[in-house]
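Participant: I'd like to go over a predicted model; first the sequence, then the structure.
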Amino acid sequence: MKICTFEEIIAWQKAKELSVLIYKTFHSSRDYGFKDQIQRATVSIMNNIAEGFERRSDNEFRQGLYIAKGSCAEVRSMVYLAYELNMISELQFEAIKHLNLETSRILSGLIKSLKVEQI
């Protein structure tokens, strides 16, 4: 199956879902620096998938996916901190972590599939 738009990419769909969840979870946070950083990092995941795809080069797409995967790790790291600082509940922590790990796994699979196609 050929993907024609970045909106069709499951990793992008999951990243968008994660972004919405992060925005909703931290919308009332008064730690503006933390809130800004985690929101920017989560949006970076979906934006780097989209940007890399639209460049129409496997190498640039792969690079965008690697950057997105790094942003996934940044978000997950920040969520651990948010939980430890009692900014979010255990339920919120687990929901975000689960969706984040799912997104990261999908990105890994997509990266591997691009490597295989080059051989």
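Facilitator: Sure, I can see it.
Participant: list the buried ones in the host helix or strand of Tyr80?
Facilitator: Assigned by DSSP states H and E, Tyr80 belongs to helix 58-84. The neighbour-count check on helix 58-84 (16 or more other CB atoms under 10 Å) flags 61-65, 67-72, 74-76, 78-79, 82-83 as buried. No exception for glycine: its C-beta is placed from N, CA and C like everyone else's.
Participant: let me see the mean pLDDT of the first helix or strand past it going along the chain.
Facilitator: Scanning the chain past helix 58-84 towards its C-terminal end, the next helix or strand to appear is helix 90-118 (assignment: DSSP H and E). Per-residue pLDDT values across helix 90-118 average out to 91.
Participant: quick check: angle from helix 90-118 to helix 58-84?
Facilitator: Using axes from the mean of the first three to the mean of the last three CA atoms, to 10 degrees, the interaxial angle of helix 90-118 with respect to helix 58-84 works out to 160 degrees.
Participant: buried residues, helix 90-118. List them.
Facilitator: Within helix 90-118, the residues scored as buried using 16+ other CB under 10 Å are 92-93, 95-96, 99-100, 102-104, 106-107, 110-111.
Participant: kindly reformat those as CSV containing distance to Ile10.
Facilitator: Formatted as CSV, the entries for the buried residues of helix 90-118 read as follows, by distance: CB to CB, whole Å:
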residue, distance to Ile10
Gln92, 23
Phe93, 24
Ala95, 19
Ile96, 18
Leu99, 13
Asn100, 15
Glu102, 10
Thr103, 9
Ser104, 13
Ile106, 6
Leu107, 10
Leu110, 8
Ile111, 14
